[in-house]
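In: Just the structure for this:
(one chain, ligands or ions: 1)
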Amino acid sequence: MTQLAPGFLWGASTAPHQIEGNNLNSDFWASEGRVPGMERSGDACDSYHRYREDMRLLADAGLGAYRFGIEWARIEPVPGLVSRAELAHYRRMIETAFELGLTPVVTLHHFTSPLWFAQEGGWMDDHAIDRFRAYVETVSPILDGVEWVVTMNEPNMLAIMVYMARAMQDQQAAGEWQSPTLDNEGPRPALPAPDTAIGERLVEAHHAAREALRERTGAKVGWTVANRAFVARPGAEDKKRELEHVWEDLYLEAARGDDFVGVQSYSSQWVGPDGIEPHPQHPDNTLVGTAYRPDALGIAVRHTSEVTGGMPILVTENGIATHDDTRRIAYTGESLEHLGKAIADGVDVRGYLHWSLLDNYEWGHWEPAFGLVAVDRETFERRPKPSLAWLGATARQGRI
Ligand code: FCB
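Out: Okay, the predicted model is just below:
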């Protein structure tokens with residue numbers, strides 16, 4: 001048994017576009033209607049209206065933290081026009097979390113941007129940093145009392161999405177949409193590595209947001225990085241280091257000076273002399289094509305701690321896409337064991353937030369089921385799965 005840091009957060013994560021519904025002014029909503037092979041998010045889980053019910057499920061299960069996001073496209077639907085009503089909406093969400101005894105972990109950007117921002121040239125446009133900073137300044141007042149703020153979710157995956165969106169506009173990309181959160185399998189083209197020029201721009205955006213938040217709030221500020229938990233085949237150590245740099249370390253190194261870093265881990269991949277090896281075909285592979293690798297979380301937090309010089313870590317996402325909830329419990333239990341061992345070895349972990357509270361819209365696809373709670377897509381009825389109560393009971397033990 002591993003003792004946990006005092007105030008260790010136990011909870012679950014979500015993202016606005018994946019659960020709220022009708023995110024009409026966002027760039028992702030626009031591409032859903034345009035790109036072949038993409039399902040629409042539509043009403044999603046209608047969490048825009050049902051957030052109190054979602055939070056209550058979490059609190060009633062005995063969990064103490066909820067990670068959710070603020071949607072830029074709602075706050076600023078056209079450049080410079082700030083919606084007071086939407087600011088009030090997100091403030092109500094934060095207050096509801098406090099009321100229910102939940103610690104909010106608030107994400108300011110989770111893949112989606114306003115459509116106008118994308119049309120202006122997106123993250124590579126000259127105005128991008130000023131635009132993002134202005135948005136962060138606008139939302140700062142409603143963050144009063146919030147202890148944990150994530151400026152940006154998975155800039156490394158966002159760099160791939162930005163690159164793909166540009167390639168599609170240039171008509172260079174053939175074939176159907178594939179979410180970068182679904183792993184490449186079969187005939188699909190391999191994902192491009194995150195583009196380092198885009199990555200460096202996102203680093204700049206993060207640092208600008210961090211500065212704005214530090215001037216205006218008392219929150220701990222960080223960002224979250226998708227971790228691929230690469231493992232080198234004998235002789236492929238240099239290749240692994242090279243890939244780690246573009247996939248993760250550029251973003252982890254940029255986290256130095258933050259108050260914490262978010263680790264997001266799902267699976268692990270071998271690196272051979274020629275690069276990343278595709279996930280081997282196996283009956284245990286998840287609904288997004290990744291290998292069943294609960295050891296990934298231990299690898300991810302250890303690597304993150306090493307690269308950031310021992311920074312405080314929040315596990316901001318960890319989970320499995322499966323329709324079999326007993327597999328979810330098994331995966332999560334094993335992941336926590338690996339996390340416990342890393343903590344025992346001195347990795348400074350401050351919380352575990354499971355992805356995800358709800359079965360939700362997985363970036364173009366509805367099939368992958370990551371939720372602790374199922375959602376009826378017609379009635380929006382929430383049906384907690386056994387894994388929700390299981391995670392709550394695990395949290396109440398206060399140790400791993
Ligand atoms: C992560 C994303 C999250 C979700 C999970 C499955 O890359 O941050 O929104 O899609 O993967």
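In: Pairing partners for Val231 in the sheet, please.
Out: Beta-bridge partners recorded for Val231 (DSSP bridges): Trp270.
In: Might you report the residue contacts of it?
Out: Applying CB atoms under 8 Å, 6 or more residues apart in numbering, we find Val231 in contact with Lys240, Ser268, Gln269, Trp270, Val271, Ile299. For every residue, glycine as well, the C-beta is placed using N, CA and C.
In: Tell me how many other residues crowd the third one.
Out: Yep, that's Gln269 we're talking about. Gln269 is flanked by 21 other residues according to other CB atoms under 10 Å.
In: Just to check, it is in contact with Ala232?
Out: No. With contact defined as CB atoms under 8 Å, Gln269 does not reach Ala232; the gap is 10.6 Å.
In: Just give me the residue closest to the centre of this protein.
Out: Of all residues in the chain, the one closest to the mean position by CA atoms, centre = their mean is Asn153, 5.1 Å from it.
In: hang on, that residue packs against Gly69?
Out: Yes. Assessed by CB under 8 Å, Asn153 is found in contact with Gly69 at 7.5 Å.
In: so what sits against both of these two?
Out: Counting by CB under 8 Å, 6+ apart, the residues touching both Asn153 and Gly69 are Ala15, Thr107, His109, His110.
In: Looking at those, which is nearest the ligand?
Out: Closest approach to the ligand among these (CB to the nearest ligand atom): Ala15, at 4.6 Å.
In: So for that closest one, what pLDDT did the model give?
Out: pLDDT for Ala15: 98.
In: need the contact list for the nearest residue to it once chain neighbours are set aside.
Out: Leaving aside its chain neighbours, Ala15 sits nearest to His110 (3.9 Å; criterion: CB to CB, 6 or more residues apart in numbering). Applying CB under 8 Å, 6+ apart to His110 gives the contacts Ala15, Pro16, His17, Gln18, Gly69, Asn153.
In: So the nearest residue to the residue nearest to the centre of the chain once chain neighbours are set aside, which state does it fall into?
Out: Leaving aside its chain neighbours, Asn153 sits nearest to His110 (4.2 Å; criterion: CB to CB, 6+ apart). At His110 the chain is in coil, as set by DSSP: H, G, I helix; E, B strand; the rest coil.
In: For His110, give me phi and psi.
Out: When read as degrees, to the nearest 10, the backbone of His110 gives phi -130, psi 80.
In: Could you tell me the model confidence score at it?
Out: His110 is assigned 98 on the pLDDT scale.
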